[in-house]
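*Asks:* My questions concern the predicted model and sequence given below.
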Amino acid sequence: MSFPISAALLDAIVLSVVSREGTYGYKITQDIRKVCDVSDSTLYPVLRRLLKAGALETYDQAVDGRMRRYYKITPIGRMQLMQYLSDWADYRDKIESVFFGGSSK
């Protein structure tokens, strides 16, 4: 069974992947596919949205004689990621409380 991925969760996952190092679109897709099914046609609009919001920036680098576009997290993106991580922890705790018993926070 697979759970749907919301736009906010996908934004958080992308920011998390990019926060480790500057990376390019195909590599981002491969890293995200380790945890959920995402296509290039889904990922690139997310990257554009995060760029427009100022959470990411791009730079180009030559690789094997071709230019490759890399994505890098910005300070705004880091703040947004920290908020997503906090929200995720709260959400996870509430879900686990329902799944495994105990009181909800």
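*Replies:* Received the coordinates, thanks.
*Asks:* got a list of what Lys72 touches?
*Replies:* Val18, Gly22, Leu56, Glu57, Thr58, Tyr59 (CB atoms under 8 Å, 6 or more residues apart in numbering). C-beta: built from backbone N, CA, C; applies to glycine.
*Asks:* Quick check: buried residues in the strand or helix carrying the first one?
*Replies:* Secondary structure assigned from DSSP states H and E places Val18 in helix 7-20. Along helix 7-20, these residues count as buried under the neighbour rule (16 or more other CB atoms under 10 Å): Leu9, Leu10, Asp11, Ala12, Ile13, Val14, Leu15, Ser16, Val17, Val18.
*Asks:* And the lengthiest helix in the chain, what does it pack against?
*Replies:* Secondary structure of the chain per DSSP state H: the longest helix is helix 75-100. Packing contacts for helix 75-100, counted by 3 or more CB pairs under 8 Å, 6 or more residues apart in numbering; DSSP states H and E, involve helix 7-20.
*Asks:* List the contacts of the helix it packs on.
*Replies:* 5, 23, 28, 31-32, 35-36, 38, 42-43, 46-47, 49-50, 55-56, 71-73, 77-78, 80-81, 84-85, 88.
*Asks:* and which of the contacts of Lys72 is nearest to Arg92?
*Replies:* Nearest to Arg92 among the contacts of Lys72 is Val18, at 21.7 Å by CB to CB.
*Asks:* coming back round to it: I'd like to know which of the contacts of helix 7-20 are part of strands.
*Replies:* With strands taken from DSSP state E, the overlap with the contacts of helix 7-20 comprises Thr23, Leu56, Tyr71, Lys72, Ile73.
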